[in-house]
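Trainee: Dropping the sequence and predicted coords here.
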Amino acid sequence: MLAGCSNTTNLEQQIQSLSSKVDSLTMKVDAMSSDVAASKSMSESNNTEIKMLKSAVDSASANANKANMRLDNLVSSYKK
């Protein structure tokens, strides 16, 4: 019965192989976590810039509408 347990070389090699695979996967997960964090940061930055652009577009649109109304008033005063 003890003789069957004395040859553990193959089992130790399999354990070492699995341990190496787990270490490799852990490193890949860590790298992916870093990539996700960088993407999230970039996304938040892009959202801020989009909000600023929307504000600028809204302001430009309001100014254009005011200018159009002034022009319409000028044209109507010449028609009278």
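Mentor: Yep, it's here.
Trainee: helix or strand for the residue nearest in space to the middle of the chain, which one?
Mentor: For the chain, the residue nearest the mean C-alpha position is residue 39 (3.1 Å; CA atoms, centre = their mean). Assigned by DSSP states H and E, residue 39 falls within helix 9-79.
Trainee: hmm, back to that, next one, pLDDT for the residue nearest to the centre of the chain please.
Mentor: For residue 39, the pLDDT comes out at 97.
Trainee: how close does it get to residue 33?
Mentor: 11 Å (CB to CB, to the nearest Å). Glycine gets a C-beta too; all of them are placed from N, C-alpha and C.
Trainee: Give me the residue ranges of this structure where confidence is low.
Mentor: Scanning the chain for pLDDT under 70 picks out the ranges 1-6, 78-80.
Trainee: If we use 50, what do you get?
Mentor: Within the chain, the stretches with pLDDT under 50 are 1-2.
Trainee: follow-up on the earlier one: how close does the residue nearest to the centre of the chain get to residue 61?
Mentor: Here the distance between residue 39 and residue 61 works out to 32 Å (CB to CB).
Trainee: do the same with residue 37
Mentor: In terms of CB to CB, residue 37 sits 36 Å off from residue 61.
Trainee: Just give me the neighbour total for residue 22.
Mentor: Other residues within reach of residue 22 by the criterion other CB atoms under 10 Å amount to 10.
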